[in-house]
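K.L.:
Sharing a model prediction with you, sequence too.
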Amino acid sequence: MKKLLICLATVALFSASTLADDFDYDAFVKAYYHAQVMTQQPNATQEDLEHYLSFLTDDIGNQHFPNAPDDSREPDGKAMMRKGMSRYLGVHTEYKAEIIDYQYGYNAVSIKHKFSAKGKRSDGSDFSYSKVALDVLELEDGKVAVMRRYSK
């Protein structure tokens, strides 16, 4: 929790631009999360992926602990995410997700959520997992500029 507070404080102090006072964080969180979940469904399409990507800046930074410890924004960050996520469209045979809690303010959103999936790898072997994760999103002009996922 201490790391989250430090992260949110840093975001608040160093955010490049501020959101309008009337930015609807609740609507944003619900729409963003729904779009993200749709990319994981068994029948996920390229259109679902493009809809999700519409919530991101072109130079998105993506940090996913412990696998990807760097959150650097890259000029082609969205294109890199498109390429990576396209490989996984439709691999799940089951996917369930639920928001546990979310907080927002100061151009940042934190979403604590749980999700579980079953599916088949490209080699035909089965997989399944269940996780709880905390996603911290840094917003810029109403879009996600940096995302950090904390999970095991």
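P.N.:
Everything's here; your move.

K.L.:
does residue 147 count as helix, strand or coil?
P.N.:
What DSSP: H, G, I helix; E, B strand; the rest coil gives for residue 147 is strand.

K.L.:
For it, give the beta-bridge partners.
P.N.:
Residue 147 has these beta-bridge partners by DSSP bridges: residue 62, residue 137.

K.L.:
likewise residue 98?
P.N.:
residue 114.

K.L.:
per-residue confidence for it?
P.N.:
What the model reports as pLDDT for residue 98 is 98.

K.L.:
and it, what is it in contact with?
P.N.:
Contacts for residue 98 (CB atoms under 8 Å, 6 or more residues apart in numbering) come out as 113, 114, 115. All C-beta spots, glycine's among them, are computed from the backbone N, C-alpha and C.

K.L.:
For the chain, give me the ranges with low pLDDT.
P.N.:
Within the chain, the stretches with pLDDT under 70 are 1-20, 65-69.

K.L.:
50 instead?
P.N.:
Scanning the chain for pLDDT under 50 picks out the ranges 1-17.

K.L.:
Show me where it has its helices.
P.N.:
Secondary structure of the chain by DSSP state H: the helices cover 2-14, 25-38, 46-53, 77-86.

K.L.:
Ok, which of those helices comes nearest residue 63?
P.N.:
Nearest to residue 63, of all the helices of the chain, is helix 2-14, at 10.2 Å by CB to CB.

K.L.:
thinking again about what came up before, of the contacts of residue 98, which is the most crowded?
P.N.:
residue 113 (19 neighbours; other CB atoms under 10 Å).

K.L.:
show me what contacts the nearest residue to it once chain neighbours are set aside?
P.N.:
Excluding the flanking residues, the one nearest residue 113 by CB to CB, 6 or more residues apart in numbering is residue 99, at 4.9 Å. Neighbouring residues of residue 99 by CB under 8 Å, 6+ apart: 29, 33, 111, 112, 113.

K.L.:
quick one: which of the residues you listed is nearest residue 70?
P.N.:
Of the contacts of residue 99, the one sitting nearest to residue 70 (CB to CB) turns out to be residue 111, at 21.0 Å.

K.L.:
What count of nearby residues applies to the closest one?
P.N.:
With other CB under 10 Å as criterion, residue 111 counts 21.

K.L.:
With residue 49 instead?
P.N.:
By other CB under 10 Å, 19 other residues sit near residue 49.
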